[in-house]
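Engineer: Here is the input, now give the coordinates:
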Amino acid sequence: QVQLVESGGGLVPAGGSLRLSCAASGSILFSIRTMGWYCQAPGKQRELVATITSGGTTIYADSMKGRFTISRDNAKNTVYLEMNSLKPEDTAVYYCAADILIGLRVNKYWGQGTQVTVSS
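Structural biologist: Reported below is the predicted structural model:
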């Protein structure tokens, strides 16, 4: 099995910054393809924040461009999300996701989520 463990959420005032981390670990041999972050605000669907391929190609949601930066450390199987100029509307549970190859099959794995609350 493979697990994704997130950290770094919390309460921050508007205009502040947070850095989220997500580390993948497992007891079996695996290879991570694309990693990403998604967010889900109360009463809303989960939506894309940003993704990054193993080669470093990134995609951002329009509302996060210029404020958030996704990066990864392939040696540590870890993805990061640097969040700057936070707004109250960024308040949500942030989930890490990874497309992981085990054997010949790629499956998407999710972390448990970490709460980000931005106060006005």
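Engineer: Which residue would you name as the spatial centre of this structure?
Structural biologist: Centroid-nearest residue in the chain: residue 37, 2.7 Å away (criterion: Cα atoms, centre = their mean).
Engineer: which residues sit in contact with that one?
Structural biologist: The neighbours of residue 37, taking Cβ atoms under 8 Å, 6 or more residues apart in numbering as the test, are 20, 22, 49, 50, 51, 70, 79, 81, 94, 95, 96, 97. All C-beta spots, glycine's among them, are computed from the backbone N, C-alpha and C.
Engineer: Buried ones in the host helix or strand of it, by neighbour count?
Structural biologist: Per DSSP states H and E: residue 37 is located in strand 31-40. Neighbour-count burial for strand 31-40, with 16 or more other Cβ atoms under 10 Å as criterion, is recorded at 32, 34, 35, 36, 37, 38, 39.
Engineer: Find the nearest non-adjacent residue to the last one, please.
Structural biologist: For residue 39, the nearest residue in space outside its immediate sequence neighbours is residue 92; the separation is 3.9 Å by Cβ to Cβ, 6 or more residues apart in numbering.
Engineer: burial measure for that neighbour, as a count.
Structural biologist: By other Cβ atoms under 10 Å, the residues close to residue 92 number 22.
Engineer: Am I right that it is in contact with residue 41?
Structural biologist: Yes - here residue 92 reaches residue 41: they are 4.2 Å apart, a contact under Cβ atoms under 8 Å.
Engineer: before we move on, the earlier item: is the residue nearest to residue 39 in a bridge, and if so with what?
Structural biologist: residue 116 (DSSP bridges).
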